[in-house]
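Participant: No sequence on hand, only this structure:
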Ligand SMILES: Nc1ncnc2c1ncn2[C@@H]1O[C@H](COP(=O)(O)OP(=O)(O)OP(=O)(O)O)[C@@H](O)[C@H]1O
Ligand SMILES: [Mg+2]
């Protein structure tokens, strides 16, 4: 579903992503695990056609991210923490607005909203204006909006930050249930337990580079760790900086 080959991206002399390659198969949840500044968001932005790579190439759902941006954008849904909603629209109105942009008919949008209501427990967010949402309500509508058109590929970037346990559980269960034949998820996070729970395989990214890749069991074995966190610290070479970054964000 996704193939990235030698992706490089620098900003003002900072090598955010450095020769990164990975593949994601149909039916997989693939994790991008790394501390703050590792290059996770930059990688997803390249795959989502929001940034052009300096070097390297990638295809998403069979389309080249540089030459076939339009086709890639039709094949993906993107969930990240910072997306604005229109304050004066209700959740249902937001979803209708985006459904129309995706070229869906109103009846199809309503049918899909009913499905997503079931899956994500949207409840009264649908009838309330987005301006009054809590962060959990916002995030659920952002997830619903991203998958409204049933895209084959979804990118989640720190999708559960700021959510309470109930909202977080709804989003995690949704992510886990999404992949099937012809569908895949890339899930970016610094939270080890989410990777352990959700991901079929994951890539550990540090300073823009791939440090290790595999199933959770393979990552633990490769790092000779007791668990994923232990393996992670061993794999980044006992690096104090990475240790502090992860300890800091997880605290
Ligand atoms: N638009 C930008 N302009 C300048 N530097 C950037 C930009 N975007 C990212 N960077 C830099 O690239 C590096 C990787 O950032 P990126 O946001 O991809 O990391 P991340 O793994 O998503 O981190 P976090 O867990 O904090 O979200 C960092 O050093 C960051 O400062
Ligand atoms: Mg990020």
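Facilitator: Great, that's in hand. No experiment lies behind these values; they were computed from the predicted model shown. Ligands and ions are numbered 1, 2, ... in the order given.
Participant: residue of the protein with the smallest distance to ligand 2?
Facilitator: Closest contact between the chain and ligand 2, by C-beta to the ion, is at residue 41 (3.1 Å). (Glycine included, C-beta is placed from N, CA and C.)
Participant: Give me the spatial nearest neighbour of that residue, chain neighbours excluded.
Facilitator: Closest residue in space to residue 41, ignoring its immediate chain neighbours: residue 157 at 5.6 Å, by C-beta to C-beta, 6 or more residues apart in numbering.
Participant: what's the residue nearest the centre of the chain sitting at in phi/psi?
Facilitator: Residue closest to the average C-alpha location in the chain (C-alpha atoms, centre = their mean): residue 156, at 1.6 Å. Backbone geometry at residue 156, expressed as degrees, to the nearest 10, gives phi -110, psi 120.
Participant: you'd agree it is up against residue 184?
Facilitator: No: contact criterion C-beta atoms under 8 Å: residue 156 and residue 184 do not qualify, at 11.5 Å.
Participant: any idea how far the residue of the chain most remote from its centre is from ligand 1?
Facilitator: Seen from the C-alpha centroid of the chain, the residue lying at the greatest distance (C-alpha atoms, centre = their mean) is residue 107, 28.4 Å away. From residue 107 over to ligand 1 the distance is 39 Å, taken as C-beta to the nearest ligand atom, to the nearest Å.
Participant: repeat for residue 170
Facilitator: Computed as C-beta to the nearest ligand atom, the residue 170 to ligand 1 distance reads 22 Å.
Participant: and that residue, how many neighbours?
Facilitator: 20 (other C-beta atoms under 10 Å).
Participant: just how off-centre is stretch 175-187 within its chain?
Facilitator: With C-alpha atoms, centre = their mean, to the nearest Å as the basis, stretch 175-187 stands 11 Å off its chain's centre.
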